[in-house]
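A.B. asks: I'll drop the sequence and a predicted model, then ask my questions.
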Amino acid sequence: MESTGGHRPILVIGGTGKTGRHVVDRLRRRGKEVRALSRSTPVPFDWFDESTWKTAVSGAGAAYLVDAQNEHAAERMRAFAPFAVAQGVERLVLLSARGWADSGDPGMLATEDAVRDSGGAWTILRPTWFMQGFAEDDLMRAPVLAGEVRLPAGDGLEPFIDTEDIAETAAAVLTREGDEGCTYELSGPRALTLAEAVAAIAEASGRPVRYVPVSEEEYVAGLVADGTPEDAARFVARLWGWLRDGEDAHLSDGVQRVLGRAPVDLTDFVRRAAAAGAWAG
Ligand SMILES: NC(=O)c1ccc[n+]([C@@H]2O[C@H](COP(=O)([O-])OP(=O)(O)OC[C@H]3O[C@@H](n4cnc5c(N)ncnc54)[C@H](OP(=O)(O)O)[C@@H]3O)[C@@H](O)[C@H]2O)c1
């Protein structure tokens with residue numbers, strides 16, 4: 001069934017990012033009126049400039065939310081989500097992360113709690129690591145281009161997910177009834193080691209690239225030498241540590257439950273990304 005407020009614009013906060021731009025695309029293909037929002041969109045939205053919020057949300061019926069991605073993310077969501085609901089936004093779909101839930105640290109779920117407490121109808125999406133990290137994030141793409149992906153991930157397994165599957169899932173729950181109060185964990189169809197994922201990229205791209213497992217200390221030192229603040233470097237190393245320790249290896253069925261089809265396999269993603277020139281030049 002079509003969602004209530006379905007005739008009103010849908011906000012996509014983080015609408016220029018790795019998931020948001022595909023959410024925008026998917027919603028437009030469904031004939032929806034969409035307002036992509038970020039600091040650089042025609043209608044600007046800044047998590048840290050509340051003077052941008054009213055115009056940004058005006059008249060909208062639903063919102064896809066990518067949070068501020070820093071230590072203020074939960075506090076900003078606790079301010080914004082009830083504001084949006086008070087302005088008439090009825091449905092909130094939050095991009096969270098499966099790892100936050102698996103960490104056992106309730107503090108990692110503070111942004112989810114803020115959305116659940118907002119008074120709006122909420123749906124939470126918790127994906128695994130994105131396949132697109134290898135193609136779109138400097139942190140991962142630059143090592144692919146350099147021929148050596150050096151990570152403290154050992155032989156740990158990760159069921160990487162295609163951000164287009166996240167976007168299709170988000171577009172579905174933003175535009176139909178029945179997913180209110182649901183938390184969907186989203187993974188790809190297969191858990192792979194970093195060695196297997198990088199080998200698939202090498203084969204699809206024709207580049208001589210290999211995975212080299214390194215210690216957390218070596219990884220952090222490398223990021224800090226490249227200009228990453230030490231706290232941020234240690235945080236990312238901790239995420240790889242969960243993967244290395246086997247915490248990420250399980251599969252999740254959210255894509256199948258929402259879309260009624262299997263998620264995209266990494267092999268198909270790397271072929272598509274290579275054909276689009278992700279690792280050319
Ligand atoms: N990467 C992964 O493997 C992974 C796995 C699981 C979950 N996640 C979750 O995915 C989320 C990131 O989503 P994504 O990859 O789609 O985003 P992204 O590619 O990192 O893009 C971030 C978006 O937020 C906007 N933005 C940044 N600062 C902003 C600000 N102060 N105010 C308003 N907008 C701002 C950016 O646009 P402007 O720069 O134009 O403002 C951009 O549209 C994170 O919460 C992360 O925890 C990631």
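C.D. replies: Thanks, I have the structure now.

A.B. asks: quick check: residues of the stretch 1-150 of the chain near the ligand?
C.D. replies: 14-20, 38-40, 45-48, 66-69, 95, 97, 127, 129-130, 133 (CB under 6 Å from any ligand atom). For every residue, glycine as well, the C-beta is placed using N, CA and C.

A.B. asks: and the residues you listed, which are buried?
C.D. replies: Listed as buried from these are 14-15, 17-20, 38, 45-47, 66-68, 95, 97, 127, 129-130, 133; burial here means 16 or more other CB atoms under 10 Å.

A.B. asks: looking at those, which are in strands?
C.D. replies: 95, 127 (DSSP state E).

A.B. asks: residue in the chain nearest to the ligand?
C.D. replies: residue 17 (2.4 Å; CB to the nearest ligand atom).

A.B. asks: so what's that residue up against?
C.D. replies: Residues near residue 17 by CB atoms under 8 Å, 6 or more residues apart in numbering: 38, 66.

A.B. asks: dump the residue contacts of residue 258.
C.D. replies: Applying CB under 8 Å, 6+ apart to residue 258 gives the contacts 169, 172-173, 179, 184.

A.B. asks: so which of those residues is the closest to residue 80?
C.D. replies: The shortest gap between residue 80 and any of the contacts of residue 258 belongs to residue 173, at 19.4 Å (CB to CB).

A.B. asks: chain center to stretch 64-83, what's the gap?
C.D. replies: With CA atoms, centre = their mean, to the nearest Å as the basis, stretch 64-83 stands 15 Å off its chain's centre.

A.B. asks: and stretch 28-44, by the same measure?
C.D. replies: Taking CA atoms, centre = their mean, one finds the center of stretch 28-44 at 18 Å from the center of the full chain.

A.B. asks: can you list contacts of that stretch?
C.D. replies: Contact with stretch 28-44 is made by 6, 8-17, 20-21, 24, 27, 45-46, 52, 55-56, 60, 171, 175, as judged by CB under 8 Å, 6+ apart.

A.B. asks: for stretch 241-249, same thing?
C.D. replies: Contacts with stretch 241-249, where a contact means CB under 8 Å, 6+ apart, come from 98-99, 102-103, 128-129, 152-159, 191, 216.

A.B. asks: PyMOL command for the buried members of those?
C.D. replies: One line in PyMOL is enough to select the buried ones among the contacts of stretch 241-249; burial here means 16+ other CB under 10 Å:
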select buried, resi 98+99+102+103+128+129+152+153+154+156+157+158+159+191+216
